[in-house]
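*Asks:* dropping a prediction and its sequence here:
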Amino acid sequence: MPFSTFERKLPLSLVTLLAIIILAASAVVAALFLGVRPPLSSAVAAAIVLVGLGLAALMVRRLAGRRLEEIRLGAELMATVNPEHRLPIRPGDWLAPVAEEINRMADRLGEARQGLEREVQRATQELDAERSRLAGVLETLGEGVAVATSEGRVVLANRAAHAVLGVGPGGLLGRSLFDLVDREKVIHFFDRLRTAPAGAERFSLHPPGGAILDSVMTPLFDDAHRLIGFTLVFHDVTGPARTAEARRHSLAEILHELRGPIASVRSLSESLLGEPAFARAPDRRLLEAIYAEAVRLSAVVRDMGEPSRLGLARPPWHFEEISFEDLAAIALRRLREDGVAFAEVEVIGEPSPSPRLRAEVSALSAALGHLLRSLLAQRDRRGKAWLRPRRRGRLLQIEAGAESRAGWMGLDALLDVPVPVGGTGPVSVRNIVRQHAGEVWAYGDDGRVGFRITLPDVEPWEPAVGAAGVAPGAGFIGAGTASGLAREEPDAERPDFYDFSLFDEMDRHVVATDRERPLGDVPCVVFDIETTGLRPEEGDRIVSIAGVRVRGGMVKRGETFDALVNPRRSIPSSSVKFHGITDGMVAEAPPIDVVLPAFLRFADGAVLVGHQVWFDVHFLALEAARLGLPPITLVHPVLDTLVLSELVHGVLPGHSLEAVAARLRVAVRGRHSALGDALTTADIFVRLVELLKRREIVTLGHALDATRKVHGARADDVTPGAGP
């Protein structure tokens, strides 16, 4: 029956039941008093009394329980989804005072909430107005200005900052600054701000594209004076730096050209003066004057070539001054980020103060990190490794060494391996050192191997720019058609391929925090490659790599990587028919030694996604191993859209790229070009993520675990192989 009817009839029912109990009890007592045998035994009467009392208690409990449950559910509504809800008050309700007090409390909370909302709205309006005024001021500045959190996330940037960093309008907001400049360098100077006496740090930054930015960093504090972020002011000095560089090279060439003729004049005049025929000749005085002038010019040319005069043997003027101790700390930080046992490197310093040098910190610390990483891999078991500076007159020599009996003959080749440097792409250690007007070489003796780098000291010099051109590999990132995006030729699908060892290796190294991240929030790079053939173990190589970023469930079509690769072998006609890339198209392209590190820099911190992706990963893993780079599957989690499609639509036929695209209404453009396939796969991936959520595959860990089940189902039937 309805609760209200039950509530009204309950008092009458209780009174009736109580009357019956009283009458039964009275009858028993009267019979006993008069000596008459009662119609019911005492036991029966007692039972009637107990049953009546029990029924009365049950009815009261039912009424109280239902009313309390109603109050509880109403309070839950007020506390969660409907703050405006109020408990009903009924006449005669014995819990009405409780309901009224809860309603009054909800009213007071509502008033407090409205007041808080008004305060938040007012503060937000004031903050927006202040932000607008600040943005207006920043837009009037000629320098680029960016405000970032301590994690490098940009929260405010003016138009000039977007321009100097090579990002479209609005593209910096919410993005990590470390996508564009060297993370370790910025973090180092940010850490120094805590103790910087001037409250500012000055250094250079090198974003992609070859720009040179003179940067000043100042701290941001909260109300408790805690360091929470920083402001960077960028001044583009690319023009003056390149002009100074050109002038320096011109002067060096002029001096080089002068040395030969002056030496010839000096030698010839000296020889003539030694001839007997000129001992008393009337023009001997003229010959002596020519000789003296030649000697003077030789001295002038020699002096002009000295660092103290023209800076011809000095690093560029825009390099920052840094102590060896800080340089070593940044190099070791790079090893730590790469998962290398950096603590096993002993830094042996000279007596205080620490030697200082002028350096482009990103490049030189990356070079030192590369050398130390190589030595740690080659040292004897339990052998020592060290980093030590020594002064050599006006030079500073840095030695990176290790105890090893393996010999040093192969070490020299490591100086020419491309090393990722900030936002400028990979460049070899040898070229980095030459940019610093120094020399580097490998050595080996008495069970020790290593490298020695000799650099100029930090004494003042005339401004001059070194050979700091655009590093190889720069300029790949951005929209383009390097891999033939316009092609639309249909062709056969690549064979199915799974490498279970690579998958297991990857799965073991995904950290718990990454596994728990929502799949839609994980930064991803969807990529594809084109190759000369199907078998990398037999000499087939990559001819094109392309990728596109996916963040927040959106394909970032303006953030792409697309590069042709010179495979250093001919491309078979059968493969040309497949992807359209000819020998002529890759003749001037950089090799994989340059392109792969650039691509890995583009994909830093991201999950790699592809369709039948393990074929692509297999090629990349072999090239990475050849270049001495970390294994792909140790650094990047990998997802395969073919497997994800099977998880979503396993019972449906067809999981090729075209079939999945048609099923998900994704347009296929540029099929069998690396960038075209990457863009198509990215659109597919975004749609699959939404469908996976409906199947409770929400996090990266869920997706990897589900992928493992699919792999396990195939493990008995599929042998690791290769695909195109």
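*Replies:* Okay, I see it. Numbering: from 1, shown residues only.
*Asks:* how about Gln378, what does it touch?
*Replies:* Ala402, Ser404, Ala406, Leu411, Val449 (C-beta atoms under 8 Å, 6 or more residues apart in numbering). No exception for glycine: its C-beta is placed from N, CA and C like everyone else's.
*Asks:* surely the last one meets Leu414?
*Replies:* No. The criterion here is C-beta atoms under 8 Å, and Val449 misses it with Leu414 at 10.9 Å.
*Asks:* looking at the two, which one has more neighbours?
*Replies:* Neighbours were tallied for Val449 and for Leu414 using other C-beta atoms under 10 Å; the higher tally belongs to Val449 (26 against 20).
*Asks:* helix or strand: which one has the more buried one?
*Replies:* Val449 belongs to strand 448-456 when assigned by DSSP states H and E.
*Asks:* cool, Arg391 as well?
*Replies:* Secondary structure assigned from DSSP H and E places Arg391 in strand 385-392.
*Asks:* also Thr231?
*Replies:* strand 227-236.
*Asks:* same for the helix or strand following that strand, what does it pack against?
*Replies:* Toward the C-terminus, strand 227-236 is succeeded by helix 238-273 as the next helix or strand (DSSP H and E). For helix 238-273, the helices and strands in contact under the criterion 3 or more C-beta pairs under 8 Å, 6 or more residues apart in numbering; DSSP states H and E are helix 284-304.
*Asks:* packing partners of the helix it packs on?
*Replies:* Contacts defined by 3+ C-beta pairs under 8 Å, 6+ apart place helix 284-304 against helix 238-273.
*Asks:* got the angle for the helix it packs on vs helix 284-304?
*Replies:* Between helix 238-273 and helix 284-304, the angle formed by their directions is 150 degrees, by axes from the mean of the first three to the mean of the last three C-alpha atoms, to 10 degrees.
*Asks:* just give me how far helix 238-273 sits from the chain centre.
*Replies:* Average the C-alpha atoms of helix 238-273, do the same for its chain, and the two points are 47 Å apart (C-alpha atoms, centre = their mean, to the nearest Å).
*Asks:* could you do stretch 273-290 as well?
*Replies:* For stretch 273-290, the gap between its own C-alpha mean and the chain's C-alpha mean amounts to 75 Å (C-alpha atoms, centre = their mean).
*Asks:* output that stretch as PDB, nothing but the C-alphas.
*Replies:* What follows is stretch 273-290, C-alpha atoms only, in PDB (Å, rounded to 0.1, in the frame of the first residue of the first chain):
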ATOM      1  CA  LEU A 273     120.000  39.000 -49.400                       C
ATOM      2  CA  GLY A 274     122.200  36.000 -48.900                       C
ATOM      3  CA  GLU A 275     123.500  36.100 -52.500                       C
ATOM      4  CA  PRO A 276     127.000  37.600 -52.900                       C
ATOM      5  CA  ALA A 277     125.900  39.600 -55.900                       C
ATOM      6  CA  PHE A 278     123.600  41.600 -53.600                       C
ATOM      7  CA  ALA A 279     126.200  42.100 -50.900                       C
ATOM      8  CA  ARG A 280     127.200  45.600 -52.200                       C
ATOM      9  CA  ALA A 281     124.500  46.300 -54.700                       C
ATOM     10  CA  PRO A 282     123.000  49.800 -54.600                       C
ATOM     11  CA  ASP A 283     119.500  48.400 -54.300                       C
ATOM     12  CA  ARG A 284     120.300  46.200 -51.300                       C
ATOM     13  CA  ARG A 285     118.700  48.700 -48.900                       C
ATOM     14  CA  LEU A 286     115.500  48.400 -50.900                       C
ATOM     15  CA  LEU A 287     115.700  44.600 -50.700                       C
ATOM     16  CA  GLU A 288     116.300  44.800 -46.900                       C
ATOM     17  CA  ALA A 289     113.200  47.000 -46.600                       C
ATOM     18  CA  ILE A 290     111.100  44.400 -48.500                       C
END
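*Asks:* appreciated, that's everything.
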